[in-house]
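Asks: from the sequence below, what's the structure:
(chains A and B)
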Amino acid sequence: VTSRICPDWRPLADGRAEGEERRQLQDHIRGCERCRIAAFDADPLLAFVCSTPGMDPGDLAAEVAAMQQRVAGALSHVGERRPKLGSRLRLPAAAAAAVVLVSALALLGEAGWWSSGRESEAGMPAAETVAAARPSASALLREYLAQQPLVEVAASTAAVDFQTTGAGYDLVLLVDDALDL
Amino acid sequence: MPELAYSKVRHAAELAAASDRDLLDRLAKSDELALDELVRRKTQALMAVVYRVLTDREEARDVVQLTFVRIWEHRARYSQEYSPNTWIYRIATNLAIDHLRSRRSRERAAEPLRLHMERRQDAAGGRHLARLGDREVQGIFEELAAGLSEKQRAVFVLREIEGLSSREVAAIVGCRESTVRNHLFHARNQLRRGIEARYPEYLPRAAPEEA
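Replies: Residues are numbered from 1 along each chain as shown, chains lettered A, B, ... in the order given. As a prediction, this is how the structure comes out:
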């Protein structure tokens, strides 16, 4: 057996309740059948005041995601330059890693960092060739580039990417503890 | 060493912790991620208000979508004199009112007779208003609110259901507080008369006289 002390809901009926008190009374009436009956008997309009719009909490995330897509799509359609952020943000971080690594290597290639080299299994140029052709690269970068990049897909959303542009190159660093690079 | 340009994930995390006003400030500088954060933060509240005004979920989605598009298009016009919520609700409410007017000019909202009879049957079976589901209550509201003007309806939703102050509602709807009180008075009367006329079974029964 549970017992509780119900709040006085009359300030809601006569319009005296404001702000947080009002929201608390609305919540209480939604959850307490005894008060609901008494309150709706006193003022049937409270049924409208205390009803909820009927959106399941579980639907909220999907509703928000769909709305982000719709807004981005609408802005693209009306000529705003805003890209479809919703879909971009939902790209798995590791997939994004694959994209940026391949893009970075492609840019390095265009910049003439290598002229030949063996092709890796993934079809990418040999990274050690890249490092050797770029003696001015920092030791850390050369060491990293000397390894065959491993691109894997994981459901990580913790990736942080840093992008910078210099003379003749674009550099993208992707830091993600979940990736086994 | 060139400066690192940005980190989207870190930036999104910063935005999640920012106040609504900060978000609008960043939006004014065309920060696209700020719009995504605003959509994430405000969709539920806007859907609730707009849905109550329009009583159609798909139409409400269209209006909320348009609200965010307008916010982006008018991002440079946000004035600090308004609270962020007032500014955002004002855009959404005006769009909802416009949509309602346009819908009414196309067709008068009419409750299908079958549903109406079902509801009356439910009530005749002794169901108390307090035991109706939210959808049923919303259906009754939809039917009765069809007789309100667009502004009366918006004022009732914002003031009575969303619980905003008269001053906030006045700023959102764009009228004086006295006009808000006037709209509210007439809306309440009209809705009450509607219940008496169409759903008398949901009115409290008079206590039986003692012998």
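
Asks: okay, now the closest residue to residue B:54 other than its chain neighbours: neighbour count?
Replies: In space, and not counting its chain neighbours, residue B:54 is closest to residue B:60: 5.2 Å by CB to CB, 6 or more residues apart in numbering or on different chains. (Glycine included, C-beta is placed from N, CA and C.) As a burial measure, residue B:60 scores 23 neighbours (other CB atoms under 10 Å in any protein chain shown).

Asks: name the element residue B:143 belongs to?
Replies: Per DSSP states H and E, residue B:143 falls inside helix B:134-145.

Asks: again, but for residue B:26
Replies: Using DSSP H and E, residue B:26 falls in helix B:20-28.

Asks: list the buried residues of that helix.
Replies: Buried residues in helix B:20-28, counting neighbours by 16 or more other CB atoms under 10 Å in any protein chain shown, are found at B:20, B:23, B:24, B:25, B:26, B:27.

Asks: right, and the helix or strand after it?
Replies: Downstream of helix B:20-28, the first helix or strand assigned by DSSP H and E is helix B:32-54.

Asks: for that next one, packing partners?
Replies: helix A:57-77, helix A:85-89, helix B:8-17, helix B:20-28, helix B:57-73, helix B:84-106 (3 or more CB pairs under 8 Å, 6 or more residues apart in numbering or on different chains; DSSP states H and E).

Asks: where in chain A is pLDDT low?
Replies: For chain A, the stretches flagged by pLDDT under 70 are A:1-4, A:53-58, A:77-165, A:167-170, A:172, A:174-181.

Asks: and the angle from the host helix or strand of residue B:183 to helix B:134-145?
Replies: If you go by DSSP H and E, residue B:183 is part of helix B:177-198. Comparing the axes of helix B:177-198 and helix B:134-145 via axes from the mean of the first three to the mean of the last three CA atoms, to 10 degrees yields an angle of 110 degrees.

Asks: need the residues that contact helix B:177-198.
Replies: For helix B:177-198, contacts defined as CB atoms under 8 Å, 6 or more residues apart in numbering or on different chains pick out A:44-45, A:48, B:140-141, B:143-145, B:147-149, B:151-153, B:155-156, B:159-160, B:166-167, B:169-170, B:173, B:175, B:202-203.

Asks: number of nearby residues for the residue lying closest to residue B:26 once chain neighbours are set aside?
Replies: Of all residues not flanking residue B:26 in the chain, residue B:34 sits nearest, at 4.0 Å (CB to CB, 6+ apart). Here the number of neighbours of residue B:34 (other CB under 10 Å) works out to 24.

Asks: with the one 3 residues further on instead?
Replies: Residue crowding around residue B:37 was assessed by other CB under 10 Å; the count is 23.

Asks: need the contact list for the residue nearest the centre of chain B.
Replies: By CA atoms, centre = their mean, chain B has its centre lying nearest to residue B:49, at 1.6 Å. With contacts defined as CB under 8 Å, 6+ apart, residue B:49 is in contact with B:89, B:92, B:93, B:96, B:157, B:158, B:162.

Asks: leaving out sequence neighbours, find the closest residue to residue 11.
Replies: Just so you know, I chose chain A. residue A:17 (3.8 Å).

Asks: actually, chain B is the one I wanted.
Replies: residue B:33 is the one closest to residue B:11 (CB to CB, 6+ apart), at 5.7 Å.

Asks: the one you found and residue B:15 touch, don't they?
Replies: Yes - with contact defined as CB atoms under 8 Å, residue B:33 and residue B:15 form a contacting pair (5.7 Å).

Asks: before we move on, back to that, what separation is there between the residue nearest to residue B:11 and residue A:67?
Replies: Using CB to CB, to the nearest Å, residue B:33 is found at 15 Å from residue A:67.

Asks: looking at those two, which one has more neighbours?
Replies: Between residue B:33 and residue A:67, residue A:67 has the larger neighbour count (other CB under 10 Å), namely 24 against 20.

Asks: which ones are touching the closest residue to residue B:74 other than its chain neighbours?
Replies: Spatial nearest neighbour of residue B:74, chain neighbours left out: residue B:91 (7.6 Å); criterion: CB to CB, 6+ apart. By CB under 8 Å, 6+ apart, the contact set of residue B:91 is B:67, B:70, B:71, B:74.

Asks: just checking, residue B:203 touches residue A:44?
Replies: Yes - using CB under 8 Å, residue B:203 is in contact with residue A:44, at 6.4 Å.

Asks: who's more crowded, those two?
Replies: residue A:44 (21 against 14).

Asks: looking at this, the more buried one is in a strand?
Replies: No - under DSSP: H, G, I helix; E, B strand; the rest coil, residue A:44 falls outside any strand and is assigned coil.

Asks: could I get the phi/psi values of it?
Replies: Phi and psi for residue A:44, reported as degrees, to the nearest 10, are phi -60, psi -20.

Asks: so it makes contact with residue B:201?
Replies: No - Residue A:44 is beyond contact range of residue B:201, at 10.9 Å (criterion: CB under 8 Å).

Asks: what's the distance between the residue nearest to residue B:26 and chain A?
Replies: 11 Å (CB to the nearest CB, to the nearest Å).
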